[in-house]
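A.B. asks: Let me see the structure of the following:
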Amino acid sequence: MGKVNHFLDLNQLAKSDLRGIIDDGIALKQTRAGVSKGTVDEKAPLAGLTLAAIFEFPSTRTRVSFDMAMRQLGGHTIVLNSNDMQLGRGETIADTARVLSRYVDAIMIRTDSHEKLLELAEYATVPVINGLTNDSHPCQLMADIMTFEEHRGPIRDKVVTWCGDGNNMVTSWIHAAGQFGFEFRVACPEELSPDPRALAWAKQAGANVHVTRDAVEAADGAHCIVADTWVSLGDDASNRHNLLAPFQVDEVLMSRAAKDAIFMHCLPAHRGEEATTAVLDGPQSVIFDEAENRLHAQKAILRWCLGA
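C.D. replies: From the prediction side, this is the model:
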């Protein structure tokens with residue numbers, strides 16, 4: 001069996017592969033201009049291929065974007081949740097991987113434990129894609145890089161600032177900073193600091209990553225400011241709002257960034273918490289372009305995984 005192209009974390013892929021995926025996503029988006037969303041791409045590169053999409057958590061953007069990505073590329077999607085599978089009744093991840101590999105051409109999983117993802121990839125003989133785990137969210141980052149470059153050109157040597165919880169998105173941003181060559185500043189409370197493993201990787205890789213407790217300091221001159229929901233599924237919400245209130249992105253904070261800075265949020269947003277409505281709907285916000293680009297970035301990821 002030849003090499004299987006899993007898409008698990010950005011720090012595990014070659015920089016040239018990541019750049020190729022971004023460029024392909026942009027090209028795929030351009031070819032869709034003015035085309036009905038239900039139209040299959042002319043060459044239908046994934047015709048006859050099927051993706052199994054496993055969701056252990058609810059999803060809007062990941063579910064719809066992967067399904068539409070496969071459809072537009074000429075392929076098919078089987079959507080599964082824990083209630084649909086023996087995985088929810090005690091079957092091992094390893095056995096699930098072996099069985100699904102006999103039926104489908106690729107597997108995407110959105111789950112809690114990163115270990116489940118890694119075990120699935122270890123035993124699958126088809127590509128496995130990380131649709132989100134508690135540790136990371138690399139597919140979102142590919143859409144985010146694509147969105148930044150659409151609006152502001154190459155991200156290399158630019159400054160991206162994160163305000164909020166040092167969560168799984170931050171881990172993928174740290175990986176992206178090292179792979180794409182930009183400065184990444186994390187403004188967060190000490191109690192919600194980024195994963196030490198991600199910071200250790202950044203240090204070893206020479207990535208330009210800084211952690212601060214001061215949102216204003218982090219925002220100064222930034223080319224992009226990013227926020228995320230303060231409470232994710234499974235989080236202890238008891239004290240998060242108090243801890244994170246100083247890191248809310250409002251118009252004052254945005255004014256500290258570069259004049260042409262953009263604002264990103266992977267959605268869903270809790271308006272008035274991590275960011276104000278004035279920012280979310282303001283002229284610097286690109287959040288809905290960002291959401292759309294999940295589709296195009298994931299088409300490029302699928303093509304890379306499946307060699308199409």
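A.B. asks: Show me what counts as buried in stretch 68-87.
C.D. replies: Across stretch 68-87, burial judged by 16 or more other C-beta atoms under 10 Å covers 68-75, 77-78, 80-81, 85, 87. C-beta coordinates here come from the backbone N, C-alpha and C atoms, glycine included.
A.B. asks: Serialize the residues you listed to a markdown table and add fields for secondary structure and distance to Thr171.
C.D. replies: Formatted as a markdown table, the buried residues of stretch 68-87 follow (DSSP: H, G, I helix; E, B strand; the rest coil; distance: C-beta to C-beta, whole Å):
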| residue | secondary structure | distance to Thr171 |
| --- | --- | --- |
| Met68 | helix | 27 |
| Ala69 | helix | 24 |
| Met70 | helix | 27 |
| Arg71 | helix | 30 |
| Gln72 | helix | 29 |
| Leu73 | coil | 28 |
| Gly74 | coil | 33 |
| Gly75 | coil | 29 |
| Thr77 | strand | 27 |
| Ile78 | strand | 29 |
| Leu80 | strand | 26 |
| Asn81 | strand | 25 |
| Met85 | coil | 27 |
| Leu87 | helix | 25 |
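A.B. asks: ok, so of those, who is nearest Val186?
C.D. replies: Comparing the buried residues of stretch 68-87 against Val186 with C-beta to C-beta picks out Ala69 as the nearest, at 30.1 Å.
A.B. asks: Correct me if wrong: the closest one contacts Leu295.
C.D. replies: Yes - here Ala69 reaches Leu295: they are 5.7 Å apart, a contact under C-beta atoms under 8 Å.
A.B. asks: a markdown table for the buried residues of stretch 68-87, including pLDDT?
C.D. replies: What follows is the buried residues of stretch 68-87, written out as a markdown table (pLDDT from 0 to 100):
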| residue | pLDDT |
| --- | --- |
| Met68 | 97 |
| Ala69 | 97 |
| Met70 | 98 |
| Arg71 | 97 |
| Gln72 | 97 |
| Leu73 | 97 |
| Gly74 | 97 |
| Gly75 | 98 |
| Thr77 | 98 |
| Ile78 | 97 |
| Leu80 | 93 |
| Asn81 | 88 |
| Met85 | 71 |
| Leu87 | 67 |
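A.B. asks: Dump those residues into CSV; add distance to Ser16 as well.
C.D. replies: Converted to CSV, the buried residues of stretch 68-87 look like this (distance: C-beta to C-beta, whole Å):
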residue, distance to Ser16
Met68, 27
Ala69, 22
Met70, 25
Arg71, 29
Gln72, 25
Leu73, 22
Gly74, 26
Gly75, 25
Thr77, 28
Ile78, 32
Leu80, 33
Asn81, 36
Met85, 36
Leu87, 35
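A.B. asks: Of the residues you listed, which is the nearest to Ala47?
C.D. replies: Nearest to Ala47 among those is Gly74, at 3.7 Å by C-beta to C-beta.
A.B. asks: from memory that closest one sits against Ala47, does it?
C.D. replies: Yes - with contacts counted by C-beta under 8 Å, Gly74 reaches Ala47, the gap being 3.7 Å.
A.B. asks: Give me the local confidence score for Ser82.
C.D. replies: Listed pLDDT for Ser82 reads 76.
A.B. asks: Quick check on it: phi, psi?
C.D. replies: phi -60, psi -30 (degrees, to the nearest 10).
A.B. asks: With Thr111 as the reference, measure out to it.
C.D. replies: Here Ser82 is placed at a distance of 9 Å from Thr111 (C-beta to C-beta, to the nearest Å).
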